[in-house]
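1. Can you look at this prediction? I've put the sequence above it.
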Amino acid sequence: MSGAGSRVSAAREAGSGGRPAPDEGAAPGVPGGPPPHAPAGLASYAGGREGPAAAGAIAGLAECGRPADAEALAVLLAHPQHRVRAAAARGLRVRDAVPVDRVVPLLRDPHGVVIREATAALRTRMAQLPAGLAESLLADTSRVAVRRAGLRLLDGRDPVRHLALLLRVAADPDPLLGRRAADAAVRVIHQLRSPAQGLRHGPYAMPGPTPEQAAELLVLAEAAAERLHHGQRQILHELLAPMAPLTELLRVRHGVPHDVRSPLLLVEATFRAQDAEGVVARIREVLLTVLPYAAGPPAEWPADDAWPGLLPDWFTARCAPEAPAAPAAKGTAAQWLARWRGLSREERTAEAATDAAADWRLLDWVGLFDPDDGADSRGWRWWDAEVGHGQGRVRFTTDGHPYGGGAALQWLIEAAGGHDVVLP
């Protein structure tokens, strides 16, 4: 007789006298008594033996039993032996007869093997799960096995909500759970495709998140940064905030991911230089100094007297003095500086544009990155650069043309050693 057949025979023969009868004084459904509406042989065999033997009988019933035997398996979900409970959940999954309301309680079982089998069974009934079940499991801070079950039972039909939950779990203190959530988040990110924003791959379009959802996703992605590859974070930032300073910082630091193109207008500046590669390296050096503060909280923006010590020496040496001899019509240097700082963004941009080739004063230039003041007047963001023999190209994104702050970009290229700059 085959192994499966022998297990089925063992599970049933108690009903024909081949196995000891259950305790006559025990009530149906409790240890030692027959499960209600189920073959007495299965209950007797499972209740009277240790886990592996009972589990074998249950597996045989699951594989070869009659449709009516599913109730026998369901009753054993409450069996005192954890191996029997796990085998019953597995058997119900095999028979495609999972009673959701009776398996859900096993997601908080004391034994991990039971939780895993219950999770696998319920994954065949995702549409029938109670609302908020996965979230409640993920909120269990005492047991990682319960949180792992919650991760496997997350509903992915709403990609924005699904991604937010995955990013939140990616920061879990359990390394394995966090890594699994991060991997799942990466898969969701790669599935996103938005023609308006330029991602070229993925099977479905991402419903546009609200501004609040976009902000939440970006915060969660940064909280999980240790477990997300920077390329995946960049894709998410390009999707949700292509003009944000943090997105620009990621481009300067890591380059542009190969599967992303700009959703905004790309503009190209050309220049000539004996060492074009060195020019691009110096431009990156300045941006890598300023952009972390531009992307940070306004309260952390450095004081005016701190900038000369933060920026590269070659850059500060190239800047004009902070207190120039002011034109007589504009009063003293202090009066001129006070007047400049009192101008609107539009007035500053217009006045700066008339002196593009002249040296910029350090505080005026970095002020275009100030998140609390001048950032709105800078309408360009770094994209990438290419260099050739004696020449180079700097590409940047804008939200339209004309754009603000172009004179500052031209001067940065010149200060870094470029000349014959052509800037649209």
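-> Yep, that arrived.

2. Which other helices and strands does the helix ranked longest in the chain contact?
-> In the chain, with assignment by DSSP state H, the single longest helix is helix 276-294. For helix 276-294, the packing partners by 3 or more C-beta pairs under 8 Å, 6 or more residues apart in numbering; DSSP states H and E come out as helix 245-254, helix 313-318, strand 380-387, strand 391-398, helix 406-415. Quick note: C-beta positions are derived from backbone N, CA and C, even for glycine.

3. for these, which one sits closest to P105?
-> Proximity to P105 (C-beta to C-beta) singles out helix 245-254 among the helices and strands packed on helix 276-294, at 44.1 Å.

4. show me where the protein has strands.
-> When secondary structure is read from DSSP state E, the chain shows strands at 192-193, 204-205, 265-272, 380-387, 391-398, 419-422.

5. Among those strands, show the one with the smallest mean pLDDT.
-> For the strands of the chain, the bottom mean pLDDT is recorded on strand 204-205, which sits at a mean of 42.

6. quick check: domain ranges of the chain?
-> As assigned by automatic domain parsing, the chain contains the domains 1-97, 265-422.

7. Report the beta-bridge partners for F271.
-> Using DSSP bridges, the beta-bridge partners of F271 come out as G392.

8. Now the longest helix of the chain: buried residues?
-> Judged by neighbour count (16 or more other C-beta atoms under 10 Å), helix 276-294 contains these buried residues: A276, V279, V280, R282, I283, V286, L287, T289, V290, L291, Y293, A294.

9. Hmm, the third one is touching Q391, no?
-> No - with contact defined as C-beta atoms under 8 Å, V280 and Q391 do not form a contacting pair (11.2 Å).

10. which residues do the two both contact?
-> Where contact means C-beta atoms under 8 Å, 6 or more residues apart in numbering, no residue is in contact with each of V280 and Q391.

11. thinking again about what came up before, where among the domains of the chain is the average confidence lowest?
-> Among those, domain 1-97 scores lowest, with a mean of 62.

12. Using a markdown table, lay out the strands of the chain together with distance to R95 and mean neighbour count.
-> Compiled in a markdown table, those are given as follows (distance: least, C-beta to C-beta, whole Å; neighbours: other C-beta atoms under 10 Å):
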| stretch | distance to R95 | mean neighbour count |
| --- | --- | --- |
| strand 192-193 | 37 | 18 |
| strand 204-205 | 33 | 12 |
| strand 265-272 | 58 | 17 |
| strand 380-387 | 57 | 19 |
| strand 391-398 | 57 | 20 |
| strand 419-422 | 73 | 13 |
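
13. Which one of these lies nearest to D359?
-> Relative to D359, the nearest member of the strands of the chain by C-beta to C-beta is strand 419-422, separated by 14.4 Å.

14. Not counting its own residues, what contacts the closest one?
-> Strand 419-422 is touched from outside by A269, T270, F271, R272, A273, Q410, I413, E414, with contacts defined as C-beta under 8 Å, 6+ apart.

15. Closest one of those residues to L218?
-> Proximity to L218 was ranked across those by C-beta to C-beta; first place goes to A269, at 28.5 Å.

16. thinking that closest one is in contact with E414, fair?
-> No - distance between A269 and E414: 10.8 Å, which falls outside the contact criterion (C-beta under 8 Å).

17. now G379: how far from F396?
-> G379 sits at a distance of 9 Å from F396 (criterion: C-beta to C-beta, to the nearest Å).

18. Then P321?
-> Applying C-beta to C-beta, the value for P321 to F396 is 28 Å.

19. Same check on A164?
-> When distance is defined by C-beta to C-beta, A164 is 31 Å away from F396.

20. For the nearest residue to A62 once chain neighbours are set aside, grab the count of nearby residues.
-> Nearest-residue entry for A62: G91, 3.1 Å, with adjacent residues in sequence omitted and distances by C-beta to C-beta, 6 or more residues apart in numbering. The local packing count at G91 equals 29, with neighbours defined by other C-beta atoms under 10 Å.

21. neighbours around V160, how many?
-> Neighbour count of V160, defined by other C-beta under 10 Å: 18.

22. Would you agree it is in contact with Q213?
-> Yes - between V160 and Q213 there is a contact under C-beta under 8 Å: 5.5 Å.
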